[in-house]
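Chemist: A structural model of the following input is requested.
(one chain, ligands or ions: 1)
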Amino acid sequence: MYNRLKILYQLQMIDDQLDNLEELRGDLPNAVKELEEKIKSFKEEIADMEKEQKKSLKTRSTNETEIEKLAENQKKFKSQLYQVRNNKEYDALTKEIDHTEGQIKKLEKENDQLADLSKRLTEQIEEIKPTLKELKVELKAKEADLKEIIKVNEKEETKLRKERKEIEAEVKKQDNSAYKRIRKAKKGKAVATIKRSACSGCHNIVPSQRQLEIRQNNRLFFCEYCGRILVSSEISEDVEV
Ligand SMILES: [Zn+2]
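Modeler: Presented below is the predicted three-dimensional model:
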């Protein structure tokens, strides 16, 4: 039992050190993630606008072909005007000419609008580009900072992770799940010890009868205030030395 309690305390010690390393990274991992997301969203925005521009260009080209065809017809109709034999034919032709004229105007208007839209999109894209560039520079700097911090502690972290793995393999399954649950709820510390008659996790006084029981090191005790696993100072001193 003594060993079972001791490895739990060892696990906590290692996690404390790993937490400290994590803390050194500060807000950098989050900042990098946020920047990556922002950059991605700007890139998507630009891609959408460029897609819209391509679509507009294609429609305009189709419209232009159509306009040319209509203009050819128009020319033909106009030349036929000189060959009409009666009013009925004349009316039919002028009607065709007017209709074609209307179609041409409609397509030209649509093309003007599409050209305007494309221009506005280009302006918007040009507005975003400098911001995107700044964000990329910022990301590069933050990534470099983070990499540096990770590199400095890499050896220590690898060593700790290896130790942790070995110790965790020795922890009883039920103890490990309790440890994980408490560690999550308490944001880090799952195992506490008794310091000056108090729980080192929440600093509440542990009743002396309970202290005596804990000192026996023969079962798992939980702090009645914070719920952390409580081990005797004998164990904590044993591990910390
Ligand atoms: Zn406590």
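
Chemist: In this structure, spot the strand with the most residues.
Modeler: Selection of the longest strand in the chain by residue count, based on DSSP state E, yields strand 191-195.

Chemist: For the helix or strand following that one, what is the distance to the chain centroid?
Modeler: Heading C-terminal from strand 191-195, the first helix or strand you meet, by DSSP states H and E, is strand 198-199. Averaging C-alpha positions (Cα atoms, centre = their mean, to the nearest Å) puts strand 198-199 41 Å from its chain's average.

Chemist: Could you do stretch 75-91 as well?
Modeler: With Cα atoms, centre = their mean, you get 69 Å for stretch 75-91.

Chemist: List the contacts of that stretch.
Modeler: The contact list for stretch 75-91, computed with Cβ atoms under 8 Å, 6 or more residues apart in numbering, reads 93-94, 96-97, 100. C-beta here means a position set from N, CA and C on the backbone, and glycine is covered the same way.

Chemist: Any idea how far apart the tips of it sit?
Modeler: In stretch 75-91, first residue to last residue: 16 Å (Cα to Cα, to the nearest Å).

Chemist: Do me a favour and average the pLDDT over it.
Modeler: Stretch 75-91 shows a mean pLDDT of 90.

Chemist: Skip the chain neighbours and tell me the closest residue to Glu110.
Modeler: Spatially, and ignoring its direct neighbours in sequence, Glu110 is nearest to Asn63 (6.1 Å; Cβ to Cβ, 6 or more residues apart in numbering).

Chemist: packing partners for the helix or strand bottoming out on mean pLDDT in the chain?
Modeler: Every helix and strand of the chain was ranked by mean pLDDT, DSSP states H and E. The lowest is helix 233-240, at a mean of 90. With contacts taken as 3 or more Cβ pairs under 8 Å, 6 or more residues apart in numbering; DSSP states H and E, helix 233-240 sits against helix 2-24, strand 191-195.

Chemist: Next SSE downstream of the longest one?
Modeler: Same thing as helix 2-24. helix 28-80.

Chemist: hmm, back to that, return the subset of the contacts of stretch 75-91 lying in helices.
Modeler: Using DSSP state H, 93-94, 96-97, 100 are the members of the contacts of stretch 75-91 that sit in helices.

Chemist: Which entries within these meet the buried criterion?
Modeler: Neighbour counting by 16 or more other Cβ atoms under 10 Å classes 93, 96-97, 100 among the ones in helices among the contacts of stretch 75-91 as buried.

Chemist: May I see the residues you listed arranged in TSV, with distance to the ion as well?
Modeler: Shown next, in TSV, are those (distance: Cβ to the ion, whole Å):
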residue	distance to the ion
Leu93	100
Glu96	94
Ile97	95
Thr100	90
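
Chemist: How about the contacts made by Cys199?
Modeler: 192, 206, 223, 225-226, 228, 230.
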